[in-house]
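K.L.:
Fold the following, please.
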Amino acid sequence: FLFGSNGITLSTSGTSGLNIDTFGQLSLTTNQGAANAIELIANTGGIDISAGSSTGDIDILSGASLNLRGLENAADAITLGTVRGGIDISTGKDLGVANDIDLLSGASINLTAQEGIADALVLAAPQGGIDISTGYDAGGGQPLALKGGNTITLAAVNGNITFSAGTSTAQSGLIIDTSG
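P.N.:
Numbering: from 1, shown residues only. Predicted coordinates:
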């Protein structure tokens, strides 16, 4: 132990490490009001947090925002994965709170479903509409391509289907090609 004006330093020599083992609860508490009041730092290795059993959850709770950041320049800088179950992302639907979920990327956003069924990827908005845009509001934008390996079905159960390419459909360059 090293005691000084900056607190207590617990240090070990060699590679034996430090083990804390208790049958009761282990609690780390600080009253410092800094953004980094508690730090876990591994200078040359990783950090594993495990509940140690198949019945113990890990809860990370925050009184304000929760930030996860990966600073590595890699495709998998942050990975959320599960071996057997699904992943839910919620903004408080069960609490009656209405907040959006925004996916922002400096490059592309790819959604891939590996299940081999007809509705492997579902976009549903039971209370509202769905907009797919390539930037038409900005006066430009890029083409929008809908591609199906077999067929593409457009169905309006309670209304019409409208095709429009510009202000005047008759002069818009709307092309329907069934030649294959």
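
K.L.:
In this structure residue 26 contacts residue 20, no?
P.N.:
Yes - with contact defined as Cβ atoms under 8 Å, residue 26 and residue 20 form a contacting pair (6.5 Å). C-beta here means a position set from N, CA and C on the backbone, and glycine is covered the same way.

K.L.:
what's the distance between residue 149 and residue 123?
P.N.:
18 Å (Cβ to Cβ, to the nearest Å).

K.L.:
same thing with residue 24?
P.N.:
Look at residue 24 and residue 123: by Cβ to Cβ, they are 49 Å apart.

K.L.:
cool, and residue 67?
P.N.:
Remark: distance between residue 67 and residue 123 (Cβ to Cβ) = 28 Å.

K.L.:
Over to residue 57?
P.N.:
Separation of residue 57 from residue 123 (Cβ to Cβ) stands at 30 Å.

K.L.:
what does residue 72 give?
P.N.:
Using Cβ to Cβ, residue 72 is found at 31 Å from residue 123.

K.L.:
try residue 102
P.N.:
Using Cβ to Cβ, residue 102 is found at 16 Å from residue 123.

K.L.:
what's the answer for residue 134, then?
P.N.:
Distance of residue 134 to residue 123, given as Cβ to Cβ: 16 Å.

K.L.:
For these two, indicate the residue with more neighbours.
P.N.:
Between residue 134 and residue 123, residue 134 has the larger neighbour count (other Cβ atoms under 10 Å), namely 11 against 7.

K.L.:
just checking, that one touches residue 146?
P.N.:
No - counting by Cβ under 8 Å, residue 134 stays clear of residue 146, with 12.0 Å between them.

K.L.:
after the lowest-mean-pLDDT helix or strand in the chain comes which helix or strand?
P.N.:
Scoring the helices and strands of the chain by mean pLDDT, DSSP states H and E places strand 2-4 at the bottom, with a mean of 63. Downstream of strand 2-4, the next assigned helix or strand under DSSP states H and E is strand 7-9.

K.L.:
Now that following strand: average pLDDT?
P.N.:
Averaging pLDDT along strand 7-9 yields 74.

K.L.:
Equivalent analysis for stretch 100-111, please.
P.N.:
Mean per-residue pLDDT for stretch 100-111: 85.

K.L.:
what's the span of that stretch, first residue to last?
P.N.:
Across stretch 100-111, the terminal residues are separated by 18 Å (Cα to Cα, to the nearest Å).

K.L.:
swap in stretch 119-133?
P.N.:
Using Cα to Cα, the end-to-end distance of stretch 119-133 comes out at 22 Å.

K.L.:
Check which residues of it are buried.
P.N.:
Under the neighbour-count criterion of 16 or more other Cβ atoms under 10 Å, stretch 119-133 has nothing buried.
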